[in-house]
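Chemist: Generate coordinates for the sequence data below:
(one chain, ligands or ions: 1)
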Amino acid sequence: MVNIYQNILSAKNEGQKLLAVLIDPEKIDLKNVPSFFEKVHQSVTTHIFVGGSTDYENQTDTVVAAVKKATNLPVILFPGDVSQISQKADGILFLSLLSGRNPEYLIEQQVKAAPILKNSNLEILPTGYILIDGKKETATQKVSNTKPISQDSIDLILNTALAGEFSGKKLIYLEAGSGATEAVSQEIIKKVSENLSIPLIVGGGIRSKEQLDSAFNAGADLVVIGTAFEKNEDFFKDLKK
Ligand code: 1GP
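Modeler: Predicted coordinates:
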């Protein structure tokens, strides 16, 4: 069995940076999965995340099955809600939306997911999820009915991340939102990563090798990219092993 969290921790301790490709079950065309993964495997990608704010046609399980068939990389669910749990994945980001004040996404969805996860082999990764203003209204904002934190409120972002760590979260995810116009700033990543002991995930609006490197240099341990690969699979060529 893969030990996802231990591997992320070891990578952090060794200074090895991690890249997750995000697959949105509502957007991927199943017949393109094998060719998509040929490109993924030539790149420095280390993890696959599967999820989105919504999955109206319940595609998650089918997509996870196709992805598992195409890769040996760890496949981690990044669910928008309790309906997006597939037992075929390796792990799940057990997210609490710490930036918001909507109990539905702070604890209610988690209570609903508990009996499903109790009887599953998915590795559970407790994650403090922090929405940061990426200058574009995101699906997560709309679905969760919460507001992101302004990029100017660095102390609030830091204190939210610390509150997550002190509550026992094993990961903190700074999220500018899928397709964000503005990615999370280097200043925020630096401040949070310097003050956190647990691994830091950063995603939203990263669409170039330069942005990826600057997120890593600022202190991100794992970066998540989705939209840039959806729009242009040639981007993988810039990220060759
Ligand atoms: C969104 O952080 C992820 O949840 C990835 O964002 O699609 O903008 O790469 P992008």
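Chemist: And residue 115, how close does it get to the ligand?
Modeler: According to CB to the nearest ligand atom, to the nearest Å, residue 115 stands 26 Å off from the ligand. Just so you know, the C-beta spots here come from the backbone N, C-alpha and C atoms, and that holds for glycine as well.
Chemist: For that residue, give me its contacts.
Modeler: By CB atoms under 8 Å, 6 or more residues apart in numbering, the contact list for residue 115 is empty.
Chemist: So the top strand by length along the chain, near the ligand or not?
Modeler: Longest strand of the chain, by residue count under DSSP state E: strand 123-131. No: applying CB under 6 Å from any ligand atom, one finds strand 123-131 out of contact with the ligand, separated by at least 9.4 Å.
Chemist: Tell me the first helix or strand C-terminal of that strand.
Modeler: helix 139-144 (DSSP states H and E).
Chemist: Can you list the buried residues in that next one?
Modeler: If you call a residue buried by 16 or more other CB atoms under 10 Å, then helix 139-144 has these buried ones: 139-141, 143-144.
Chemist: Just give me the closest of those to residue 19.
Modeler: Nearest to residue 19 among the buried residues of helix 139-144: residue 140, at 20.8 Å, using CB to CB.
Chemist: rewinding a little: so which elements touch the longest strand of the chain?
Modeler: Judged by 3 or more CB pairs under 8 Å, 6 or more residues apart in numbering; DSSP states H and E, strand 123-131 is in contact with helix 4-14, strand 91-97, helix 139-144, helix 154-166, strand 171-175.
Chemist: Residues contacting the lowest-mean-pLDDT helix or strand in the chain, please?
Modeler: Within the chain, no helix or strand scores below helix 139-144, which has a mean of 93 by mean pLDDT, DSSP states H and E. Outside helix 139-144, the residues within contact range by CB under 8 Å, 6+ apart are 52-54, 80-81, 97, 100, 102, 104-105, 131, 147-148, 175, 177-178.
Chemist: shaky segments in the chain?
Modeler: For the chain, the stretches with pLDDT under 70 are 1-2.
Chemist: Alright, I will stop here.
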